[in-house]
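# model this:
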Amino acid sequence: MAPHNVRWGIMATGWIASVVAVASSSSKSRAEDFISDTGIPAPCAAHESYRDLVADPNVDVVYVATPHSHHFQNVMLAFEAGKHVLCEKAFTVNAAQAKILCETAKTKNLFLMEAVWTRYFPLSVQVRGLIQDGTLGEVLRVLADNSFGDDMEERWGIEHRMVNKDLAGGALLDLGIYSLTWVFQALYHTLPRESRKAPSRISSHMSLYHLTGADEATSILLTFPTSTPSNLPPLGESQAVAMTHLRVSTNVDDKPVQPSVRIQGTKGEIQIYGPAFRPERYRVVPKGEGEVKEVECSFPGEGKGMYWEADEVARCLRDGKLESDSMPWEESIIIMEVMDEVRRQGGLVYPENIESTVYPTPM
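The predicted structure follows:
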């Protein structure tokens, strides 16, 4: 099959595959430095504003890599210019914003996808397949953690986006999204689309960072009114624990001896090793005397793994799709609704301008 070329524009100095334009909100020189430092081949234009970037006729799709506080406004800007969008996670600040983005994409006939890169890794595709083919029996529980232990006061202070409420900072939206990604990959996405149901119960505990009020630790207990892959009585219900923390780590070193994710079924479990956002191996552990299967899923060359989600965008654009089957709009919205409820329970509210559903809103 002949390659399908897509011309990318980067909004903020993140990273993506073949790029023809980059914009920085701070200066044109910063965009030029990014192009130079990352070795993006010519021709690649540097723009001094996001508005100039989305107006570039050479750009097909915009990768929004700004802080999630700005996603709603930035995606709407791209849509206003008629551009397709790949938007970094967390998709938005709240579910109301996510719904408007999806409605706007549909109305304008533009592609939109949340850039949860983990979903497109071969490891994730394989794990979903093992669940769907019944290797684990009926999957009833997922335990997922994505945590990094730091001296918060020294490393993050009060201005860094990780803890700055003006940038929708906190563990939940930045790191907890990956724990929820594994929960939803395993317990929701592996069902046929018409059988998927949002969690029926959500309980959470949140600890707030004393210097800024953003969350530094969040633990979520979810119950789904389904099990997977069969969802047959008398089971028909599953549970999950999704955790994230900024002061303690999932594993204390770079060679984890404990899995960051465990997916448990009636016939065995899958244990996923490495950080939940970018794991590189997993084990299939059958119940009883069966053989444990170890699977390595390394990343080619020096790549980090974003090329797989970029490939998915290209496939969808080639095929005329507005959304990806791997990360459909409905699923992104439901995950945002879960995080809305967790924030409500934890008392975490962001400034009015970044919670706003009005476009344009000054940031």
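
# list the contacts for the closest residue to residue 346 other than its chain neighbours?
Excluding its sequence neighbours, the residue lying closest to residue 346 (C-beta to C-beta, 6 or more residues apart in numbering) is residue 206, at 2.9 Å. C-beta: built from backbone N, CA, C; applies to glycine. By C-beta atoms under 8 Å, 6 or more residues apart in numbering, the contact set of residue 206 is 172, 215, 217-219, 342-343, 345-348.

# repeat that with 7 Å
Applying C-beta atoms under 7 Å, 6 or more residues apart in numbering, we find residue 206 in contact with 215, 218, 342, 346, 348.

# so which of those comes closest to residue 246?
residue 215 (8.4 Å; C-beta to C-beta).

# separation between the closest one and residue 353?
20 Å (C-beta to C-beta, to the nearest Å).

# same question, residue 41
Distance, residue 41 to residue 353, using C-beta to C-beta: 38 Å.

# Give the residue from those two that has the larger number of neighbours.
residue 353 (13 against 8; other C-beta atoms under 10 Å).

# Isn't that one up against residue 363?
Yes: contact between residue 353 and residue 363 holds when scored by C-beta atoms under 7 Å: they sit 6.3 Å apart.

# just checking, next helix/strand downstream of the helix or strand the residue nearest to residue 346 falls within?
Assigned by DSSP states H and E, residue 206 belongs to strand 201-208. Counting by DSSP H and E, the next helix or strand C-terminal to strand 201-208 is strand 215-224.

# What strands flank that next one, and is each parallel or antiparallel?
Counting by DSSP bridges, the strands paired with strand 215-224 are strand 201-208 (antiparallel), strand 238-245 (antiparallel).

# winner for burial among those?
For those, the largest average neighbour count (mean count of other C-beta atoms under 10 Å) is found in strand 238-245, namely a mean of 23.

# does the residue lying closest to residue 334 once chain neighbours are set aside sit in a helix, a strand or a coil?
Using C-beta to C-beta, 6+ apart and skipping the chain neighbours, the partner closest in space to residue 334 is residue 198 (4.8 Å). Following DSSP: H, G, I helix; E, B strand; the rest coil, we place residue 198 in the coil state.
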